[in-house]
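K.L.:
sharing a sequence plus its predicted fold:
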Amino acid sequence: VPPAPPFRQLPVTEIAQLIRDPYAVYARRVLGLRKLNPLRPEPDAALRGQTLHSIVEHLLKTGPGPDLGAAELRTRLLRITAEVLEEQVPWPSARAFWQARIERIADQVVRDELARLSEGRPQVIENRGAVSLNGMDFRLIAKPDRIDLLNDGRVMIYDYKSGKPPSDKQMAHFDKQLMLEAAMARRGGFSELGPVEVAGIRYIRLGGEGRTEPRDYSEQMEAESWDGFVRLIGHYLSGQAGFVAMRAPELLSYAGDYDHLARYGEWVLTEKAQPRKVGDHG
């Protein structure tokens with residue numbers, strides 16, 4: 001009897017980590033280990049990203065259209081920002097700072113949003129989707145920030161970023177999220193859409209100058225990313241690949257939640273991994 005696969009589904013947001021730090025995925029998804037919340041919560045980067053995402057999600061759910069005036073949309077954005085911050089961020093200084101952040105980029109965000117609404121309408125907003133892999137007991141799941149159905153019947157895949165979005169080079173090798181979401185959309189992974197053609201992928205920055213940044217995309221690039229992903233998952237499900245700690249960290253200063261379990265500090269990144277089956281202490 002073949003061994004059971006280590007996991008039967010993964011979110012698309014963890015594929016980059018499966019490439020860079022497989023042990024972290026093993027610790028979370030196979031061993032079920034989670035980092036404890038701090039005893040004293042702070043308004044950290046994770047909360048900032050979550051809050052900014054919530055603001056734009058609330059804005060889209062008010063149903064703005066391309067004919068809405070820029071001034072009205074800006075007023076609506078800032079009103080929703082204040083409401084979400086009041087509800088979700090119990091630190092006055094953080095509320096003031098994040099409100100000012102949105103006010104600073106509001107004009108750019110509004111201009112880009114009206115341009116997006118003239119191209120199509122948001123169809124998937126933080127809704128879950130899934131695609132099963134043929135011949136494998138595995139599903140890739142996703143909860144995209146936003147997928148717009150364009151006027152020509154194709155879709156545009158969007159992701160909101162409170163920090164710096166990945167470059168084309170980073171996306172080609174590691175950050176596969178948006179390319180895989182495009183492949184899922186093509187395969188009918190989102191019930192609101194059915195199988196659709198993909199026009200492109202873009203990041204919407206909720207920091208910096210608030211600009212919308214397109215990334216390189218073609219159907220061939222999408223197909224190559226999907227095929228590579230299927231091969232990667234196949235290796236892990238079959239046991240051909242081991243869950244190596246920090247296989248390809250982006251920075252030498254990278255610190256993961258599971259480094260102490262991987263006993264990092266007793267070895268260095270230049271040492272070659274020695275594969276062993278779990279429980280084999282010989």
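P.N.:
Looks like it arrived, so ask away.

K.L.:
now do the SS call for residue 48.
P.N.:
helix (DSSP: H, G, I helix; E, B strand; the rest coil).

K.L.:
which residue packs closest to it, ignoring adjacent ones?
P.N.:
Nearest in space to residue 48, with sequence neighbours left out and distances taken as CB to CB, 6 or more residues apart in numbering, is residue 162 at 5.7 Å. Quick note: C-beta positions are derived from backbone N, CA and C, even for glycine.

K.L.:
which ones are touching the one you found?
P.N.:
Neighbouring residues of residue 162 by CB atoms under 8 Å, 6 or more residues apart in numbering: 45, 48, 49, 52, 53, 206, 207.

K.L.:
mind checking pLDDT for it?
P.N.:
Per-residue confidence at residue 162 stands at 92 (pLDDT).

K.L.:
now a PyMOL select for only the buried ones of the contacts of residue 162.
P.N.:
Burial among these is assessed by 16 or more other CB atoms under 10 Å; the matching PyMOL selection reads:
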select buried, resi 48+49+52+53+206+207
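
K.L.:
reformat the contacts of residue 162 as a markdown table; add pLDDT.
P.N.:
As requested, the contacts of residue 162 are exported to a markdown table (pLDDT from 0 to 100):
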| residue | pLDDT |
| --- | --- |
| 45 | 90 |
| 48 | 95 |
| 49 | 94 |
| 52 | 96 |
| 53 | 95 |
| 206 | 95 |
| 207 | 90 |
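
K.L.:
let me have the contacts of residue 162 in a markdown table, extended by distance to residue 242 and secondary structure.
P.N.:
Shown next, in a markdown table, are those (distance: CB to CB, whole Å; DSSP: H, G, I helix; E, B strand; the rest coil):
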| residue | distance to residue 242 | secondary structure |
| --- | --- | --- |
| 45 | 31 | helix |
| 48 | 35 | helix |
| 49 | 32 | helix |
| 52 | 37 | helix |
| 53 | 34 | helix |
| 206 | 37 | coil |
| 207 | 37 | coil |
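
K.L.:
from the contacts of residue 162, pick the one nearest residue 96.
P.N.:
Distance to residue 96 across those (CB to CB) is lowest for residue 48, with 13.2 Å.

K.L.:
wait, that closest one touches residue 97, no?
P.N.:
No: contact criterion CB atoms under 8 Å: residue 48 and residue 97 do not qualify, at 9.2 Å.

K.L.:
what ranges do the strands span in the stretch 1-150 of the chain?
P.N.:
Ranges of strands within the stretch 1-150 of the chain are 9-11, 120-124, 129-132, 139-142, 146-150, based on DSSP state E, counting those that start in this stretch.

K.L.:
as JSON lines, these with distance to residue 220 and mean pLDDT would be great.
P.N.:
Converted to JSON lines, the strands of the stretch 1-150 of the chain look like this (distance: least, CB to CB, whole Å; pLDDT from 0 to 100):
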{"stretch": "strand 9-11", "distance to residue 220": "24", "mean pLDDT": "96"}
{"stretch": "strand 120-124", "distance to residue 220": "23", "mean pLDDT": "95"}
{"stretch": "strand 129-132", "distance to residue 220": "19", "mean pLDDT": "97"}
{"stretch": "strand 139-142", "distance to residue 220": "20", "mean pLDDT": "97"}
{"stretch": "strand 146-150", "distance to residue 220": "20", "mean pLDDT": "97"}
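
K.L.:
and among those, the most buried is which?
P.N.:
Ranked by mean neighbour count, those are led by strand 146-150 with a mean of 21 (mean count of other CB atoms under 10 Å).

K.L.:
what is the helix or strand following that strand packed up against?
P.N.:
Next helix or strand after strand 146-150 toward the C-terminus (DSSP states H and E): strand 155-161. When contacts are defined as 3 or more CB pairs under 8 Å, 6 or more residues apart in numbering; DSSP states H and E, strand 155-161 sits against helix 45-60, helix 92-119, strand 120-124, strand 146-150, helix 177-186, strand 198-205.

K.L.:
so which of the ones you listed gets nearest residue 22?
P.N.:
Of all the helices and strands packed on strand 155-161, helix 177-186 sits nearest to residue 22, with 16.9 Å by CB to CB.

K.L.:
output the helices and strands packed on strand 155-161 as a markdown table; include the columns distance to residue 32.
P.N.:
What follows is those, written out as a markdown table (distance: least, CB to CB, whole Å):
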| stretch | distance to residue 32 |
| --- | --- |
| helix 45-60 | 20 |
| helix 92-119 | 32 |
| strand 120-124 | 29 |
| strand 146-150 | 31 |
| helix 177-186 | 23 |
| strand 198-205 | 32 |
